[in-house]
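Engineer: could you look at this predicted model? Sequence included:
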Amino acid sequence: QQQVKQSPQSLIVQKGGISIINCAYENTAFDYFPWYQQFPGKGPALLIAIRPDVSEKKEGRFTISFNKSAKQFSLHIMDSQPGDSATYFCAASSGAGSYQLTFGKGTKLSVIP
Amino acid sequence: GAGVSQSPSNKVTEKGKDVELRCDPISGHTALYWYRQSLGQGLEFLIYFQGNSAPDKSGLPSDRFSAERTGGSVSTLTIQRTQQEDSAVYLCASSQSPHRGSSPLHFGNGTRLTVT
């Protein structure tokens, strides 16, 4: 059972545009929602994270929007740059258990000049 | 400081052979995770170690997979009698504590395993 559904699978955006990646979850026990960025040949690295007590978190050009009632969250990349081209993974975890993260399947973002 | 180190970076093995993958976490990190990343898939949780507690093995896909963590530091993931479906990138991550709100996972660059 896929507990975190991510879309789209791939995304092409013009330089300067807005990239939007969406995720939906099923487990209402999830209370931590990070986004990871992965470049080819590298491991994922934490980009930004949010908890459900806030509806939005912004760090530089990256913003997470969170809708608890819809069980959805999204990543917005403003003024997208070619250097942002990477695979982005949303994830979720709950306070119980071993704090394992459940990841979406990833979105491959290509920002073209 | 040094990040999470994994070795080898690439491993090609024949079906039926055993393989060992190694992970050196960041010094001082008490939590260690193994994930598997298959082509076009997300990251699949395999196993979690926290200090001296019993590991959470709930993600191991079969009894051919095992892992250990010696001295609370280095970890080895062993796959016995490898199958072609085991081909994937195996990622190790560590974190300073299990309190993930203040301690993100730091991933290594992975071991790419190819079973022929």
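Structural biologist: Cool, got the structure.

Engineer: name all residues that make contact with the residue in chain A that chain B sits nearest to.
Structural biologist: Nearest residue of chain A to chain B, counting by Cβ to the nearest Cβ: residue A:43, 3.0 Å away. All C-beta atoms are positioned from the backbone trio N, CA, C, and that covers glycine. Applying Cβ atoms under 8 Å, 6 or more residues apart in numbering or on different chains to residue A:43 gives the contacts B:4, B:91, B:93, B:107, B:108, B:109, B:110.

Engineer: what does residue B:13 give?
Structural biologist: So residue B:13 contacts B:19, B:82, B:113, B:114, B:115, B:116 (Cβ under 8 Å, 6+ apart).

Engineer: how about a cut-off of 7 Å?
Structural biologist: With contact taken as Cβ atoms under 7 Å, 6 or more residues apart in numbering or on different chains, residue B:13 is in contact with B:19, B:82, B:115.

Engineer: for it, give its distance to chain A.
Structural biologist: Using Cβ to the nearest Cβ, to the nearest Å, one gets 20 Å for the distance from residue B:13 to chain A.

Engineer: could you look up the SS state of residue A:83?
Structural biologist: Three-state call for residue A:83 (DSSP: H, G, I helix; E, B strand; the rest coil): helix.

Engineer: which residue is the nearest non-sequential neighbour of it?
Structural biologist: The shortest distance from residue A:83 to any non-neighbouring residue, by Cβ to Cβ, 6 or more residues apart in numbering or on different chains, is to residue A:111 (7.8 Å).

Engineer: list the buried residues for the strand or helix carrying the one you found?
Structural biologist: Assigned by DSSP states H and E, residue A:111 falls within strand A:107-112. Across strand A:107-112, burial judged by 16 or more other Cβ atoms under 10 Å in any protein chain shown covers A:107, A:109, A:111.

Engineer: kindly report the same for stretch B:75-88.
Structural biologist: Neighbour-count burial for stretch B:75-88 flags B:75, B:77, B:79, B:82, B:86, B:87, B:88 (criterion: 16+ other Cβ under 10 Å).

Engineer: that one and chain A, are they touching?
Structural biologist: No: using Cβ under 7 Å from any Cβ of the partner chain, stretch B:75-88 stays clear of chain A, coming no nearer than 13.6 Å.

Engineer: that stretch: end-to-end distance?
Structural biologist: Counting by Cα to Cα, to the nearest Å, you get 18 Å between the two ends of stretch B:75-88.

Engineer: just stretch A:32-52 next, same as before
Structural biologist: 7 Å.

Engineer: average model confidence for that stretch?
Structural biologist: Average pLDDT, stretch A:32-52: 93.

Engineer: that stretch: how far from the chain's middle?
Structural biologist: Chain-centre distance of stretch A:32-52: 7 Å, with Cα atoms, centre = their mean, to the nearest Å.

Engineer: and that stretch, which residues are buried?
Structural biologist: A:32-38, A:43-44, A:46-50.

Engineer: would you mind giving these as CSV with secondary structure added?
Structural biologist: Below are those laid out as CSV (three-state DSSP):
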residue, secondary structure
A:32, strand
A:33, strand
A:34, strand
A:35, strand
A:36, strand
A:37, strand
A:38, strand
A:43, coil
A:44, coil
A:46, strand
A:47, strand
A:48, strand
A:49, strand
A:50, strand
